[in-house]
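Student: Kindly return the folded structure for what I paste below:
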Amino acid sequence: MHIAIAGNIGSGKTTLTNMLAKHYGWTPRFESVDFNPYLEDFYADMSRWSFNLQVYFLNKRFKDVVDISQSDEYIIQDRTIYEDARIFAPNLHEQGFMSDRDFDNYTDLFNLMMTLVKMPDLMIYIRSSIPNLVAQIQKRGREYEASMRIDYLQGLNDKYEAWIKDYKGRLIIVDGDNVKFAQHPEHFQSITDRIDAELFGLFPFEQTHQTGKEIQ
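Tutor: Numbering: from 1, shown residues only. Sure, this is the predicted structure:
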């Protein structure tokens, strides 16, 4: 079983991944941040390092997806391969940080990988406003994120919303501005109740997807 957590920078993906892994006894897979050889360089010079960073993430994420597909465990993944190619790379390209040549090369590589990848059994998307994201980013205090531009975050948010609107798989949306799952046990339970219904309950997929309910 593959459960994935999606959301913008600072939305709380890693926190929710940890909490759900502990609650259900699932195996967590985390995004490579602390040992990423490109991340600090990228935030210092996005135009120079955008392609390198995105290929690094794509490579790591594809390896994770292949490993997950071969596992019999319940695995919860912090960020998905779709976000790299449908959100982060297009945002960099549109904002002028990635050339047409690099973006086309990157997209061709992603499309090839997609022939070998299946969708997660459940996607959990944490929807957050820009002020909430900024507050969370400042709170965690990563030095290399201090130079992040608001228009970069806004571009990502816009692409997340467009992507999730057309997402075809089993989906739960969490209102990250109002559902403080790390601080309030009852908020976290509202998420696990919905997960239980989606994965283990009696609700058919067509109904749960079409309602598009957001946890608030």
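Student: all contacts plus neighbour counts: C-alpha atoms, from now on.
Tutor: Will do.
Student: Could you check the stretch of helix or strand residue 152 belongs to and say which residues are buried?
Tutor: Per DSSP states H and E, residue 152 falls inside helix 150-165. By 16 or more other Cα atoms under 10 Å, the buried positions in helix 150-165 come out as 153, 154, 155, 156, 157, 159, 160, 164.
Student: The nearest residue to the third one once chain neighbours are set aside: neighbouring residues, count only.
Tutor: Nearest-residue entry for residue 155: residue 91, 6.2 Å, with adjacent residues in sequence omitted and distances by Cα to Cα, 6 or more residues apart in numbering. With neighbours defined by other Cα atoms under 10 Å, the count for residue 91 comes to 22.
Student: Run the chain-centre distance for the longest helix belonging to the chain.
Tutor: Ranked by number of residues, the top helix in the chain under DSSP state H is helix 46-69. Counting by Cα atoms, centre = their mean, to the nearest Å, helix 46-69 is centred 13 Å from the centre of its parent chain.
Student: what's next to that helix, contact-wise?
Tutor: With Cα atoms under 8 Å, 6 or more residues apart in numbering as the test, helix 46-69 has contacts from 2, 29, 32, 38-39, 41-42, 75, 80-81, 84-85, 88-89, 92, 96-98, 102-103, 106, 110, 113, 117.
Student: taking those one by one, which sit in strands?
Tutor: Cross-referencing the contacts of helix 46-69 against strands under DSSP state E gives 2, 29, 75.
Student: where does this structure have low pLDDT?
Tutor: Along the chain, the parts satisfying pLDDT under 70 run over 32-34, 202-213, 216.
Student: go again using 80 as the cut-off
Tutor: Scanning the chain for pLDDT under 80 picks out the ranges 31-35, 141, 143-144, 146-147, 202-216.
Student: Going along the chain, name the helices of it.
Tutor: Per DSSP H, the chain carries helices over the ranges 13-24, 39-44, 46-69, 81-83, 89-94, 100-114, 130-140, 150-165, 185-195, 205-211.
Student: May I see those helices organised as a markdown table, with distance to residue 122 added?
Tutor: As requested, the helices of the chain are arranged in a markdown table below (distance: least, Cα to Cα, whole Å):
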| stretch | distance to residue 122 |
| --- | --- |
| helix 13-24 | 13 |
| helix 39-44 | 28 |
| helix 46-69 | 13 |
| helix 81-83 | 14 |
| helix 89-94 | 23 |
| helix 100-114 | 17 |
| helix 130-140 | 23 |
| helix 150-165 | 13 |
| helix 185-195 | 9 |
| helix 205-211 | 10 |
